[in-house]
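Q: Any chance you could fold what I've pasted below:
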Amino acid sequence: MSIAIALSNALSGLTASARAAELVSANVANVMTEGYARRELVLATQSVGGAGRGVSVTGITRVVDQVLLSDRRVADAAVGDRATRADFFTRLEAALGTPDSATSLGARIADLDAALIEAASRPDSEARLANVLGAAQAIVTQIGSVASDIQAARATADNRIAAEVAQLNDALAQVADLNTAILTQNSAGRDGSALMDQRQQLIDQIAAIVPLREVARDHGQIALYTTGGAQLLDGHPAVFAFTPVGLITADMSLAAGSLSGLTLNGQPTATAGAASMIGGGALAAQFAVRDDLAPEAQARLDAVARDLVGRFADPALDATRAPGDPGLFTDVGAAFDPANEVGLAQRLMVSSLVDPAQGGALWRLRDGLGAAAVGPPGNSTLLTALQSALIAPRQPVSGGFMAGARSFSALATDLLSGVASARLGAEAEASFASAKADTLKQQELENGVDTDQEMQKLLLIEQAYSASAKVVQTVDDMIKILLGM
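A: Residues are numbered from 1 along each chain as shown. Here you go, the predicted structure:
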């Protein structure tokens, strides 16, 4: 081996060792950086005329387990979906109130039952009649408050959909720009790893909104598709569109055209069911809350309100009422129309005829809503009948409740039990999804930067650097000897 070849080999070794040390430094410095992938140096033999001339750095590789990364992203999307659903049921259960709460719907019903019993024992007591009115109004307020909270949850979901669609469009546009920048870097022979890290962070953000798969293309490019088959990015980014409405009422729905759907590149796309191409992420879950879960809860609450109205609207209960007149509980003061059940929970009111604040009189709770004058103060017949109507077995005619007659208190308990059961199921699914995502994330981290391994690698790099430097020193000594001869 000539002195020139030995010197060339040593110098190339120094260059490679310096570059390798730089990568180790970058790996250790970014061990906690989100989206950072461990770098490895790619070396190749350098030769001239068939003779070895050391090594050359041919590139830098980002070490990524693409299968594991893809699975983790799908798991992240599932976490967003399940957590959103669990949050809705938790909110609804809190609005209804747990059985141990003094302000729950069940407690309000028990208060009315007790107030009616007490008033029947002293029908001449104005204070006890006032307690009946207060207890009835408390039930109306509680049911209305739950209904309002359901619609507020729908409005919140509508706003979050708009925010996530905007974030989705922005992130897809940025990924497309990074694709172009990475292509430019690679074409110029420069390292595009830092840009790839940024791209990975953006894709992780998208994956929390819609579950996706990443497909590699030439020259460091990537394409993105949802797990349902929608093309998000392949050259040009897809564009989602959605129009929020702000305030939502019980009668508004996607089917009626009063709420906005989702479009992909100008074409309507399903947000639920087997035909949905975005199912499984936070975006689909928000649509589920707005269009399915909340309307179902509203329908069951309206059915409870209808049952309450029907119990006290029986003509046989109060002979003083004219046919067709509303009972103690009304639909904004009027008789309930079975064809207009949607939103009844928010329109539910106690008859103004028994409310002194609205020009009514408390004695009508004892003497009849249609009574023109005060009757015998000791007559408890109507109060007893009202209490019996509250606890009488009755089959709900709507709301999808199981068949079987039950008291109004039992019906409210069934409503709360259904919500609690749904909440527990959603939380269990959310816990499973979170545990799966955490496990995959841990596996991903294990494949990432290991500082111990990096330090071991650095020792080997130092040894290689020292060996190359020793060769350079030896060549220098040899040249000095030759020049001194």
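
Q: residues contacting Thr263?
A: Neighbouring residues of Thr263 by CB atoms under 8 Å, 6 or more residues apart in numbering: Phe240, Ala241, Phe242, Thr269. Heads up, the C-betas are built off the backbone N, CA and C, glycines and all.

Q: redo that, cut-off 7 Å
A: The neighbourhood of Thr263, defined by CB atoms under 7 Å, 6 or more residues apart in numbering, consists of Phe240, Ala241, Thr269.

Q: Over to Ser398?
A: Each residue near Ser398 by CB under 7 Å, 6+ apart is listed here: Ala303, Arg306, Glu341.

Q: From Ala256, how far off is the last one?
A: Going from Glu341 to Ala256 by CB to CB, to the nearest Å gives 15 Å.

Q: more crowded one of the two?
A: For the pair Glu341 and Ala256, the greater number of neighbours falls to Glu341 (20 against 8), based on other CB atoms under 10 Å.

Q: pretty sure the more buried one contacts Leu301?
A: No - Glu341 is not in contact with Leu301 according to CB atoms under 7 Å; the separation is 10.7 Å.

Q: how much space between the closest residue to Ala119 other than its chain neighbours and Ser417?
A: Setting aside the residues directly before and after it, Ala119 is nearest to Arg128 in space (CB to CB, 6 or more residues apart in numbering), at 4.2 Å. Arg128 sits 32 Å away from Ser417, going by CB to CB.

Q: quick one, which of those two is more surrounded?
A: Arg128 (21 against 11).

Q: thought Ala345 was touching Gln142?
A: No - in this structure Ala345 lies outside contact range of Gln142 using CB under 7 Å: 9.9 Å.

Q: Please say which of these two ends up with more neighbours.
A: Ala345 (29 against 22).

Q: Toward the C-terminus from the host helix or strand of the more buried one, list the very next helix or strand.
A: Of the helices and strands defined by DSSP states H and E, Ala345 is found in helix 344-347. Once helix 344-347 ends, the next helix or strand along the chain (criterion: DSSP H and E) is strand 348-350.

Q: any idea how far Arg306 is from the residue nearest to Gly404 when sequence neighbours are not counted?
A: What sits nearest to Gly404 in space, not counting adjacent residues and going by CB to CB, 6+ apart, is Gln395, at 6.9 Å. Relative to Arg306, Gln395 is positioned 12 Å away (criterion: CB to CB).

Q: wait, what's in contact with the closest residue to Ala130 other than its chain neighbours?
A: Once its chain neighbours are removed from consideration, Ala130 has its nearest residue in Leu362; the separation is 6.0 Å (CB to CB, 6+ apart). Contact partners of Leu362, counting by CB under 7 Å, 6+ apart, are Glu126, Leu129, Ala130, Leu133, Val354, Pro356.

Q: Can you give me the distance of Leu362 to Ser351?
A: Taking CB to CB as the measure, Leu362 and Ser351 are separated by 12 Å.

Q: Where does pLDDT dip in the stretch 251-400 of the chain?
A: Under the criterion of pLDDT under 70, none of the stretch 251-400 of the chain is flagged as low confidence.

Q: Please, where are all the helices along it?
A: In chain order, the stretch 251-400 of the chain shows helices spanning 282-288, 294-312, 344-347, 364-367, 381-391, with DSSP state H, counting those that start in this stretch as the criterion.

Q: mind listing the strands for the stretch 1-150 of the chain?
A: Listed in chain order, the strands found in the stretch 1-150 of the chain under DSSP state E, counting those that start in this stretch are 38-48, 51-63.

Q: do the stretch 301-450 of the chain as well
A: Counting by DSSP E, counting those that start in this stretch, the segments of the stretch 301-450 of the chain that form strands are 329-331, 348-350.

Q: Minimum distance to Ser104: which of these has it?
A: Closest approach to Ser104 among the strands of the stretch 301-450 of the chain (CB to CB): strand 348-350, 17.1 Å.

Q: Alpha carbons of the helix holding Ala345, as CSV, please.
A: Coordinates of the C-alpha atoms in helix 344-347 are reproduced here as CSV (Å, rounded to 0.1, in the frame of the first residue of the first chain):
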residue,chain,number,x,y,z
LEU,A,344,-90.8,18.3,24.8
ALA,A,345,-88.3,18.1,27.7
GLN,A,346,-87.3,21.7,27.1
ARG,A,347,-91.0,22.9,26.6
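
Q: packing partners for that helix?
A: Counting contacts by 3 or more CB pairs under 7 Å, 6 or more residues apart in numbering; DSSP states H and E, the secondary-structure elements packed against helix 344-347 are helix 126-187, helix 294-312.

Q: For those, give me CSV that also has distance to Met478.
A: Listed next are these as CSV, based on distance: least, CB to CB, whole Å:
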stretch, distance to Met478
helix 126-187, 41
helix 294-312, 85
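
Q: Just name the most buried of those.
A: Mean neighbour counts were compared across the helices and strands packed on helix 344-347 using mean count of other CB atoms under 10 Å; the top stretch is helix 294-312, at a mean of 22.

Q: Noted, bye for now.
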